[in-house]
Each structure stands twice: as C-alpha cells, then as structure tokens.
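Chemist: below is the structure, and that's it, no one-letter string:
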C-alpha cells in the first residue's frame, strides 16, 4: 500500500505513535500477564502464563531497541498512551483467573489485529519490526485448552465469559477510537494512505469478525 | 568441598530440593518484580523493573530446562516450596513502590546468598547451573540510585525503610529455617558435607553481614 515519504514530519509522527502504542501495549500486557500468573491454580499454568508474559517483554525490548536505533526516544513515544491504557485496564479488571486468561487472549488479540491493520500503511522497515512484535509464536495457545476445560465443569462460566468478551471488545474499540481522535498523525496516516470512511468501517468489521473467531475458539458465544 | 555420590538417593533428593527452591524462588521473584513495575512512578523505572523481572524469568527457564534434561520433574521439585514462599510474600507485602524496590534488592539478595552457601555442597554440574541462575548481571543496580535519590527528598523514608529491611531479613531467615526443618535431605546435605553447628552459625553470620552491606549500599541503617 502507498505511504508518504519517511522524511514527511506527519508520517514520521505517525510511525513514532504506532511504535510507541505497540511498545507500551506490550509492556502493559507483560505486567498484566505476570500479575495474572499469580492467580493460576497450578504450577504448570503459572509457568505457562509467565512464559506468555515473557514473550511480551521480549517483543517490547525489540521495539525499544528499534526505536533507539532510529533516533526515536521510546519513553517520549510511549508517554501519550499511558493514560488510555490505564483507563482500559481500570475498566476491565479481571475477577479471577479465568477472566484474566480470556482478557489476555481476546483483549490482546483485538489490539494486535488493530496494529496489524495499521501496519499496512507504513514503510517496510517499520512493518517488519511491527510484524515481529505481533507474532506470539503460539505462547497463548494453552489458553484455549484451559478455558474449554473450565467450561466443561463450570456451568455458569460460559454465559459470564461471553459477556466478559463483549465487554472487552467494547472497551478496546472505545479506547482505540479515543486514541485515534487524539493522535492526528495516526488518522492522517489512514487519510494519506487513501483510506475513506467506508474502508474504516470495513476495518472495524474485520476486527469484530476476528474477535468472534477467537471467542468461538474458546467455546464462547460472541 | 566434599559431597556424596550423585547416585545416593538422599543426595539426589537434596539436589532436587535445591533446584526446586531456586526455580520457584525465581518464578515468584519474577511475578513480584512485574507486579511492582506497575507501581513505578516513571516509564523509565517501569521499564527497568520489567527488565529485572525478565532476568528472573530467563533464569527460571534455564533451571527448568536443566531439571528436565536431568530427569527431574520441575513441578514436583518446586511444589514443596509454594506454601513457604506464599507465607513469606504474604508477610512482606510492600506498601508502595519504594518498599517493593527494597524488597526486590534486599529480600532477593538474602535468598540468593543462602543458595550460594548451599551450592558449596553440590557437584560441579549442579553448582554451575545454580551459579548462572544466581548471577543478576547488574539488572538490579538501578535500585541503589533510585532508593538513594528518594532518601534525599523524603525525610521519613530512611527510618521506615531501615525497619522494613530488618523485617525482610527476619522473615527470610525464619522461612529458610522452616524449609530446612521440613526438608531432611537439605539438612543431610550440610551434615554429609561435614558441616557442624558452629559452621551453620557462621553461615548465618555471613548472611547477616551481606545483608548489612546491601542496606549500606542503599544508604540505610541495618
């Protein structure tokens, strides 16, 4: 897809924003997964959740390194996203281990889909580093088994977790919208890429469809 | 130092215990550091604390891999230490960021000194993997600067944190003693290594001295 020249200040600002939001997203996902690992009912699940957290940290480190090597201050790039992420996590505090698991799988899934969509509008170098940060190498696969097993024995879990998944989608989209309104350069990236309103609508449809696919994988109604 | 043959079941049980306690210690240190990173007042400190957590995770992974390659089930090895660690962390919940930092530095320091002492009684192969797991590669050095800076501006912090450090030492030693009483093989390792009561006393003196050195490094009375 087309994109502006890397020398264009608006384009550069958009890239800084994208790398910043992705890096801060990984850092908070790391913290949340580590916190949730504390609630795991077995040592084996605690270890698996810690492994998931570690993957997020490694991806965060790679993004920080990339930004530094490209003259971008990672802290300046991440700073605008501290408040929106805090708001999202404050509004979606998991009650217990299962909700935490679903949030790690479904919430991070929505966020990563959004970043993947945005990466269509950047240069190859930026897209490569984003792709590496977005590849979870199957670390979250264990979530599917654990949630499906829990649904077999806990009769009320399916309804509760289905509602929880809808809540996560709603909160994630509303924060994404708030960020997009606030960060002009990111919106300009879409406009500069020749994206019209209809296409933005299609993007949101794709995000919702992928969300439904993930919920179905967990055995939950979306 | 002398040690029993690797085929001796009591010796093997002691090695399993040592690797298990060290691995579970790293896993809980990882979780605690990640949780504390959430309280960091700046992005840069959050990132440094997450880096410290990540080091603990990597060391945990190395120990798990070593156990698996030596026919030891890591979960079975770690299981006896879940309750003592939970008791220690429950009794030493940091109130705020600074107490968490001091706990990460001073509490983990005591634990690691204890494992280093114990590693004198095992075979070279086990001692090597323990040494790798105990080397923090300077990841916690930032704690010294942060605590010293905080002491300059917060007049009540020095007294509070000095008390906190004493509390951490007391709780750590009392849990270590509980573990030693419960795990016969570990005690047998000391006895088998020709250690008498006087030498155990000297070991505790060394642990206390190292603790005092760490407190002094932070600018705190021990």
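Modeler: Great, that's in hand. Remember, predicted model here, so these are calculated numbers, not experimental data.

Chemist: and chain A, which residues reach chain B?
Modeler: Contact residues, chain A versus chain B (Cβ under 8 Å from any Cβ of the partner chain): A:27, A:30-31, A:34-35, A:37-38, A:43-44, A:46-47, A:50-51, A:53-54, A:57-58, A:60-61, A:64, A:74-75, A:78-79, A:82. All C-beta spots, glycine's among them, are computed from the backbone N, C-alpha and C.

Chemist: repeat the analysis, applying 6 Å as the threshold.
Modeler: Within chain A, the positions adjacent to chain B are A:31, A:34, A:35, A:37, A:38, A:43, A:44, A:54, A:57, A:75, A:78 by Cβ under 6 Å from any Cβ of the partner chain.

Chemist: element containing the last one, please.
Modeler: Right, residue A:78. Element membership of residue A:78, judged by DSSP states H and E, is helix A:74-78.

Chemist: can you check residue A:36 too?
Modeler: helix A:9-37.

Chemist: now for that helix, which elements pack on it?
Modeler: helix A:43-69, helix A:74-78, helix A:108-118, helix A:184-192, helix B:9-37 (3 or more Cβ pairs under 6 Å, 6 or more residues apart in numbering or on different chains; DSSP states H and E).

Chemist: ok now that helix, how far from the chain's centre?
Modeler: Centre-to-centre, helix A:9-37 and its host chain are 8 Å apart (Cα atoms, centre = their mean, to the nearest Å).

Chemist: buried set for it?
Modeler: Residues of helix A:9-37 classed as buried: A:11-37 (neighbour count, 16 or more other Cβ atoms under 10 Å in any protein chain shown).

Chemist: stretch A:35-49 now?
Modeler: So, applying 16+ other Cβ under 10 Å, buried residues of stretch A:35-49: A:35, A:36, A:37, A:38, A:39, A:40, A:43, A:45, A:46, A:47, A:48, A:49.

Chemist: can you give me the first-to-last residue distance of it?
Modeler: By Cα to Cα, to the nearest Å, the extent of stretch A:35-49 from end to end equals 9 Å.

Chemist: what sits up against the lowest-mean-pLDDT helix or strand in chain A?
Modeler: Across the helices and strands of chain A, the lowest-confidence element by mean pLDDT, DSSP states H and E is helix A:184-192, at a mean of 81. Helix A:184-192 is contacted from outside by A:4, A:10, A:13, A:14, A:17, A:121, A:180, using Cβ atoms under 6 Å, 6 or more residues apart in numbering or on different chains.

Chemist: after it comes which helix or strand?
Modeler: helix A:197-217.

Chemist: from the contact counts, what lies against that next one?
Modeler: Counting by 3+ Cβ pairs under 6 Å, 6+ apart, helix A:197-217 packs on helix A:108-118.

Chemist: closest residue of chain A to chain B?
Modeler: residue A:34 (3.1 Å; Cβ to the nearest Cβ).
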